[in-house]
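In: need a structure here:
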Amino acid sequence: MKRRLAVAAVLILLTATASMPFATRVLPRIVQIAYEIERRGIVYSWGGGHAERPGPSKGTCKGYKGRIKPCPAAKTRGLDCSGFARWVYALAHGEDVLGPGNTNDHVRRMRRVDSAPVPGDLVFFGKITKKTVRTHHVGIYLGQGKMMNAPETGAVVRIDDIARLKNFAGFYRY
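Out: Have a look, this model is predicted:
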């Protein structure tokens with residue numbers, strides 16, 4: 001009798017959890033933090049997020065090639081793509097694991113994911129070989145071909161299709 005009850009309980013649990021909507025699953029902490037930041041409407045700022053501590057900061061006009069002229073970064077408190085990834089990872093890990101560098105520096109601290117990426121991995125764009133690293137963008141992978149990123153001057157942190165950008169370089173995990 002006890003065995004039948006145990007089997008029945010397992011079948012009920014399996015049926016109940018299998019029928020739960022996909023949206024109710026628990027997202028990885030990195031993705032949860034990314035969504036919390038996205039809701040704040042933080043603007044893009046070239047070089048933003050690279051102060052001594054992770055988080056929004058005024059950017060820099062050094063190396064700026066954006067379409068908005070004159071460069072607004074030095075007057076804009078916000079995040080660029082690597083500043084966004086740095087802040088999310090610092091909040092998720094409890095320390096500044098990516099550091100103040102740019103996408104080239106960050107990808108060097110990660111390991112490439114050759115099999116299936118998972119939400120929370122970083123997705124890099126550019127060219128990465130054994131000898132050279134020349135990346136130009138990074139986003140946080142959300143799954144289903146989507147990423148959260150700080151895309152460009154004049155935009156806010158948002159969700160985009162990974163296919164929107166050229167030069168996909170791969171998924172990386174800390």
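In: Every contact and neighbour count from this point should use C-alpha atoms.
Out: Fine.
In: buried ones in the host helix or strand of Arg134?
Out: With elements taken from DSSP states H and E, the one containing Arg134 is strand 133-143. Buried residues in strand 133-143, defined by neighbour count with 16 or more other Cα atoms under 10 Å: 133, 135-142.
In: swap in stretch 33-50?
Out: So for stretch 33-50, counting by 16+ other Cα under 10 Å, buried means 33-35, 37-38, 42-50.
In: Which residue ranges of the chain form helices?
Out: Taking DSSP state H as the test, the helices found in the chain are 2-18, 29-38, 81-93, 103-108.
In: any idea which of the ones you listed scores lowest on pLDDT?
Out: For the helices of the chain, the bottom mean pLDDT is recorded on helix 2-18, which sits at a mean of 43.
In: coming back round to it: let's have the buried residues of strand 133-143 in a markdown table, adding distance to Val113 and pLDDT.
Out: A markdown table is the format used below for these (distance: Cα to Cα, whole Å; pLDDT from 0 to 100):
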| residue | distance to Val113 | pLDDT |
| --- | --- | --- |
| Val133 | 16 | 96 |
| Thr135 | 16 | 97 |
| His136 | 19 | 96 |
| His137 | 17 | 98 |
| Val138 | 15 | 98 |
| Gly139 | 15 | 98 |
| Ile140 | 14 | 98 |
| Tyr141 | 12 | 98 |
| Leu142 | 15 | 98 |
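In: Can I get the residues you listed in a markdown table including distance to Gly66?
Out: Below are those laid out as a markdown table (distance: Cα to Cα, whole Å):
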| residue | distance to Gly66 |
| --- | --- |
| Val133 | 22 |
| Thr135 | 17 |
| His136 | 13 |
| His137 | 14 |
| Val138 | 17 |
| Gly139 | 18 |
| Ile140 | 22 |
| Tyr141 | 24 |
| Leu142 | 26 |
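In: So for this structure, the centremost residue is which one?
Out: Ile140 (1.9 Å; Cα atoms, centre = their mean).
In: So that one sits against Asn149, correct?
Out: Yes: Ile140 is in contact with Asn149 according to Cα atoms under 8 Å; the separation is 6.4 Å.
In: okay, and the common contacts of these two?
Out: Ala85 (Cα atoms under 8 Å, 6 or more residues apart in numbering).
In: about what we covered before: grab the nearest non-local neighbour of the residue nearest to the centre of the chain.
Out: Using Cα to Cα, 6 or more residues apart in numbering and skipping the chain neighbours, the partner closest in space to Ile140 is Leu122 (4.7 Å).
In: what sits opposite that neighbour in the beta ladder?
Out: Judged by DSSP bridges, the bridge partners of Leu122 are Ile140, Tyr172.
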